[in-house]
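A.B. asks: Predicted model and sequence below, questions to follow.
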Amino acid sequence: MTAASLTYFRGRGRAETTRWMLAATGVDFVNVPIDTADELAALRASGKLPFDQMPLLEIDGLNLSQSSAMIRYLARRGDLYGDTDTDAMWCDMVAGVTADFAETALQAPFKPSAEIAIADLRARFAKFGTLFEARIKAQGSGFCAAARMTFADVVLAEALSSYVEWCPDILHATPRLTALSETVTGAARIAAYLASDLRYPKPGDDYVIATGRVLQRALPAHMPDADRFVV
Ligand SMILES: N[C@@H](CCC(=O)N[C@@H](CS)C(=O)NCC(=O)O)C(=O)O
């Protein structure tokens, strides 16, 4: 029996940290893709979206909104929030800055060119990469928030995976980040997720166009007929 379902565009986006956390905590799930404005309207009419936004995570009889709430719910449920209040505080701090850091990767496919996206990612990594490295060193466990893996490591590794997809050499001077990333992506459940059909590919123009079609909003200005879905 499926334990959870995750409703979102047919792609990674703001649902991807939740997918990694579902995998990390051993929850079977299905992706429920929303491909059209009518499907989104029906979802909104269902009353399952308290703030009208996707992603939607259905689990344990609950309808969860906000990816930050999803990852924390799963962290508590799956014992990935550390062991002490101090661990939890570090989890929240690192997960918070990781969300800021990840935003550049989320925006990358919407940029006018790969060169611009890569320049943005490199600039963002130049700001945060050594700070993450220092945090892992200070923690002393090889992880970023506690003596064992937490959800902060999972979401950090998820963000790094996107940076590496765009900039394969970007971790070359940050050995602790590299090791953390390898530990998380090598964990059996996450490795199985990444190799599965549940894992969507690196987002490209098709994904950007799909988000515009579903949300009926303008595409990035560099795209032809950018207002094609605006009603
Ligand atoms: N902070 C939220 C952002 C959710 C969000 O912006 N979702 C977009 C799609 S990626 C959406 O549903 N937009 C439609 C709307 O806001 O009405 C999260 O991480 O879950």
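C.D. replies: Arrived safely.

A.B. asks: So Tyr207 belongs to a helix, correct?
C.D. replies: Yes - counting by DSSP: H, G, I helix; E, B strand; the rest coil, Tyr207 is part of a helix.

A.B. asks: Over to Val164. Which of the three states is it?
C.D. replies: helix.

A.B. asks: let me fix that: Leu180
C.D. replies: With three-state DSSP as the basis, Leu180 sits in helix.

A.B. asks: Next, count neighbours for it.
C.D. replies: Around Leu180 there are 26 other residues, counting by other C-beta atoms under 10 Å. Backbone N, C-alpha and C define where each C-beta goes, glycine included.

A.B. asks: wait, what's in contact with Phe128?
C.D. replies: Val97, Asp100, Phe101 (C-beta atoms under 8 Å, 6 or more residues apart in numbering).

A.B. asks: Pretty sure Pro55 sits against Leu6.
C.D. replies: Yes - counting by C-beta atoms under 8 Å, Leu6 is a contact partner of Pro55 at 6.0 Å.

A.B. asks: Which residues are in contact with each of the two?
C.D. replies: Ala15, Thr18.

A.B. asks: tell me the phi and psi of Asn31?
C.D. replies: phi -90, psi 130 (degrees, to the nearest 10).

A.B. asks: Identify the bridge partners of it.
C.D. replies: Here Asn31 sits in beta bridges with Leu6, going by DSSP bridges.

A.B. asks: Compute the distance between it and the ligand, please.
C.D. replies: 14 Å (C-beta to the nearest ligand atom, to the nearest Å).
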